[in-house]
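[1] how does the following fold in three dimensions:
(chains A and B)
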Amino acid sequence: MTKGHNPSTSTRRPDRAALFIAAVLAAIAGLIFWDVSRLAGAAGYSQVGPTTVPYAIACCLAALAVWTIFAAFRNDFPERERQEIAPVIWIVAGLAAQMLLLKVAGFSIATGILFALTARGFGKRKLWFSLPVGIALCFAVWVIFAKLLQLSLPAGPLEHLFF
Amino acid sequence: MATFDFLIQGLWVAAQPMNLLYALIGVTLGTAVGVLPGIGPALTVALLLPVTYQLDPAGSLIMFAGIYYGGMYGGSTTSILLNTPGESASIVTALEGNKMARAGRGGPALATAAIGSFVAGLIATLGLAFIAPYIVKLALVFGPREYFALMVLAFVTVSSAFGDSTLRGLTALFVGLALSVVGIDQLTGQARLSFGVPELLDGIEVTTLAVAMFAIGETLFIAAQGEKGPDKVEAVRGSVWMSKLDWARSWKPWLRGTLIGFPIGAMPAGGAEIGTFLSYAAEKKLAKHPEEFGHGAIEGVAGPEAANNASAAGTLVPLLTLGLPTTATAAIMLAGFQQYGLQPGPLLFATNPQLVWGLIASLLIANFMLLVLNLPLIGLWVKLLTIPKPWLYAGILLFATLGTIGANPSVYELGMLLAFGLLGYAMRVFGYPIAPVVVGLILGPLAEQQLRRALAISQGDISVLFTSPIAAVLLVIAAAALIVPLILRARGRGEVLSQLAANED
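    Here you go, the predicted model:
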């Protein structure tokens, strides 16, 4: 035992996040087992049916979950950088707003809100500026893609005003 | 000389005015999106897929090929001027190219990258045209078990052979495979893992997953890093033309890079980045002035960049002849084929030769267009690099969601986009690779189909998978690709492999 050893590797507790990942993997494996077990009996005369591959995948996921637990106890996962949560929330809020408003408000307004909130997440605080810019940009995109390229983008009040 | 005839026919298809226009639009869009920092070719292709929805198959695939090649060109510009490679295959280019740009030699660096890409693209596309018919012939003797073995090999190389952890690579792969089971079983029509949700019966859309993982996951990840100060864009000073000395130092690396890159891309061995690293190492060894490496040696840009493009063309060999995507980009290209009900593979060469050869010929044309587009217009592309981050990522999300909405304007599809975006973000935080998920999702059903066919023929006898010599050899290689890196990592030699990490491309 030399004195220069790195204390963080020998005294750190198991990586909780990694244990959580292992749990999620095990849960997915369990979910597949549960769902596919309802299909049992459907296998053909060769014993190979729609359940074979899902079972194999579920077994592998379960094995990977066990492996992940070992990795968590050995602290095998790479160092994680500190994550800023606020920007992530802004952007997720933008995506959620777009998802919910798309049918009601149309493509331009819904996506304009996503645009502004994403810019907010990256530090553009002036929503009174980025929101109109976003909506105008999305409207231009809507004209190009919905009118020229015939893509079916939902229209809302703003689009109906012009077309 | 049948290949030659087919190629001429293909050129005739590709040279029709509308198809030329599609190719031009494709390379322009591909370059523009590829130049944007943080966007690699996989995402470029995924983002621009919806633009091609309304075209006929030939036109859309030609545009697609242009986007693919354009994205590769654009990526090198980013890595030279910004030092943030948009794709893992450009990491090496950034190594020397950015040093050159800082030393005021950005022009020649861009030029040698562009011309090298052109030379490599040209040779490799011709290589593709001449090799493809032979592989198609070989593929015709492949039965289900050989295909299955081939796919297992592709799974292993994409997920665990490279990158810094076998565990995380395999986990990503199996997440993709688990997602691929969702929906109606192709052979019996039974619903699996759909939990009574009607939208899940169709399975999970590859493009939705790819856009979510690459665009939304990446955006969230970048946003979560907080303010780190702006990246410095190196201005292109001086002429973009190369001096006589630059030419003399570049042409051999171009050819060597092509020779290294093409076979690596053509083998079902994943990523373009392996070729770029090998090429870099080779140039360093062969250079007359090895001490210049690390300070802006033009050979270090010319070789890897050629290798990068050559292996990009190389990945089209397994994709077109076997229907086997070995990179995330190729997986999305396969999704592009599938949206027209086309399944690449030996049959496509027989049933739709015009389409296949038109596509190959249009790659040649796209290559010429890119050379013309890139050298004189470089100033324009550089301007794209100066877009401030908030607007850039807001725009990326605008187009990412546009594609999904255009394919299927439903709240449900946007919900999937958000959910997979968060998954992609979490995977980035914990160091999981993204590409295996996409490849697993698209290749999973194909592999399952082949496995079940093989086992149905043998009436459930698993040993049949190993008794064909071709399948046995492929499985042994796959096992080696799984085990050898594990041993290397256990012995602490993992750094080399993690440098070769296949993340985006």
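[2] okay, buried residues for the strand or helix carrying B:Leu347 please.
    Using DSSP states H and E, B:Leu347 sits within helix B:346-351. For helix B:346-351, burial by neighbour count (16 or more other C-beta atoms under 10 Å in any protein chain shown) applies to B:Pro346, B:Leu348, B:Phe349. No exception for glycine: its C-beta is placed from N, CA and C like everyone else's.
[3] and the contacts of it?
    Under the criterion C-beta atoms under 8 Å, 6 or more residues apart in numbering or on different chains, residues B:Ala132, B:Pro133, B:Val136, B:Ala139, B:Leu140, B:Leu320, B:Thr321, B:Leu322, B:Gly323, B:Leu342, B:Leu355, B:Val356 lie in contact with helix B:346-351.
[4] in TSV, list the residues you listed along with distance to B:Ala103.
    TSV is the format used below for the contacts of helix B:346-351 (distance: C-beta to C-beta, whole Å):
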residue	distance to B:Ala103
B:Ala132	42
B:Pro133	46
B:Val136	48
B:Ala139	48
B:Leu140	53
B:Leu320	41
B:Thr321	43
B:Leu322	44
B:Gly323	46
B:Leu342	48
B:Leu355	46
B:Val356	45
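[5] max-length helix in the chain?
    Because you didn't say which chain, this covers chain A. Secondary structure assigned by DSSP state H gives helix A:85-121 as the longest helix of chain A.
[6] right idea, wrong chain: chain B
    In terms of residue count, the longest helix belonging to chain B (DSSP H) is helix B:106-140.
[7] from the contact counts, what lies against that one?
    Here helix B:106-140 touches helix B:2-14, helix B:57-82, helix B:91-102, helix B:244-266, helix B:299-314, helix B:316-322, helix B:346-351, helix B:353-374, going by 3 or more C-beta pairs under 8 Å, 6 or more residues apart in numbering or on different chains; DSSP states H and E.
[8] how close does B:Glu96 sit to chain A?
    The gap separating B:Glu96 from chain A is 27 Å, by C-beta to the nearest C-beta, to the nearest Å.
[9] I'd guessed that residue sits against B:Gly296; true?
    Yes - taking contacts as C-beta atoms under 8 Å, B:Glu96 lies within contact range of B:Gly296: 5.8 Å.
[10] which neighbours do these two share?
    Residues touching both B:Glu96 and B:Gly296 by C-beta under 8 Å, 6+ apart: B:Ala109.
[11] returning to that earlier point: out of the buried residues of helix B:346-351, who's nearest chain A?
    Closest approach between the buried residues of helix B:346-351 and chain A, by C-beta to the nearest C-beta: B:Pro346, at 24.1 Å.
[12] return the distance of B:Tyr432 relative to A:Ala29.
    Applying C-beta to C-beta, to the nearest Å, the value for B:Tyr432 to A:Ala29 is 17 Å.
[13] again, but for B:Leu21
    Applying C-beta to C-beta to B:Leu21 and A:Ala29 gives a distance of 50 Å.
[14] which residue is the nearest non-sequential neighbour of B:Val317?
    B:Ala266 (4.1 Å; C-beta to C-beta, 6 or more residues apart in numbering or on different chains).
[15] confirm for me that that neighbour is in contact with B:Gly314.
    Yes - with contacts counted by C-beta under 8 Å, B:Ala266 reaches B:Gly314, the gap being 4.0 Å.
[16] look at these two and report which has more neighbours.
    Looking at B:Ala266 and B:Gly314 with other C-beta atoms under 10 Å in any protein chain shown, you find the greater number of neighbours at B:Gly314, namely 29 against 24.
[17] mind listing what the more buried one touches?
    Counting by C-beta under 8 Å, 6+ apart, B:Gly314 has contacts B:Ala124, B:Gly127, B:Leu128, B:Gly261, B:Phe262, B:Pro263, B:Ile264, B:Gly265, B:Ala266, B:Met267.
[18] ok, so of those residues, who is nearest chain A?
    So of the contacts of B:Gly314, ranked by how close each gets to chain A (C-beta to the nearest C-beta), first place is B:Met267, at 24.9 Å.
[19] list the contacts of that closest one.
    Counted by C-beta under 8 Å, 6+ apart, B:Met267 has contacts B:Gly314, B:Pro318, B:Thr326.
[20] gap between the closest residue to B:Pro263 other than its chain neighbours and chain A?
    Nearest residue to B:Pro263 in three dimensions, chain neighbours excluded: B:Gly314, at 6.8 Å (C-beta to C-beta, 6+ apart). In this view, B:Gly314 and chain A are 30 Å apart by C-beta to the nearest C-beta.
[21] for B:Gly314, give its distance to B:Leu200.
    Distance, B:Gly314 to B:Leu200, by C-beta to C-beta: 36 Å.
[22] what's the neighbour count on residue 36?
    By default, I'm working from chain A. A:Val36 has 23 nearby residues by other C-beta under 10 Å.
[23] let's do chain B instead
    The number of residues near B:Leu36, taken as other C-beta under 10 Å, comes to 23.
[24] so it sits against B:Leu384, correct?
    Yes - assessed by C-beta under 8 Å, B:Leu36 is found in contact with B:Leu384 at 6.1 Å.
[25] so where's the stretch 251-400 of chain B shaky on pLDDT?
    B:268-273 (pLDDT under 70).
[26] find the closest residue to chain A in it.
    Going by C-beta to the nearest C-beta, chain A is nearest to B:Pro390 of the stretch 251-400 of chain B, at 3.7 Å.
[27] host element of that residue?
    For B:Pro390, the host element (DSSP H and E) is helix B:389-407.
[28] any idea how far that helix is from the middle of the chain?
    21 Å (C-alpha atoms, centre = their mean, to the nearest Å).
[29] buried ones in the following helix or strand past that helix, by neighbour count?
    Once the chain leaves helix B:389-407, the next helix or strand it forms, by DSSP H and E, is helix B:411-429. Neighbour-count burial for helix B:411-429 flags B:413-414, B:416-418, B:420-429 (criterion: 16+ other C-beta under 10 Å).
[30] quick one: contacts for A:Arg16?
    Contacts of A:Arg16 by C-beta under 8 Å, 6+ apart are A:Ala72.
[31] shaky segments in the chain?
    Since you didn't name a chain, this refers to chain A. For chain A, the stretches with pLDDT under 70 are A:1-12, A:40-47.
[32] you looked at the wrong chain, it should be chain B
    Residue ranges of chain B with pLDDT under 70: B:1, B:83-90, B:161-163, B:227-240, B:268-273, B:492-505.
[33] cutoff 50 now
    Low-confidence segments of chain B, defined by pLDDT under 50, are located at B:501-505.
[34] give me the residue at the spatial middle of it.
    B:Thr329 (3.2 Å; C-alpha atoms, centre = their mean).
[35] can you pull the phi/psi pair for B:Ile184?
    Here is the backbone geometry of B:Ile184 (degrees, to the nearest 10): phi -80, psi 130.
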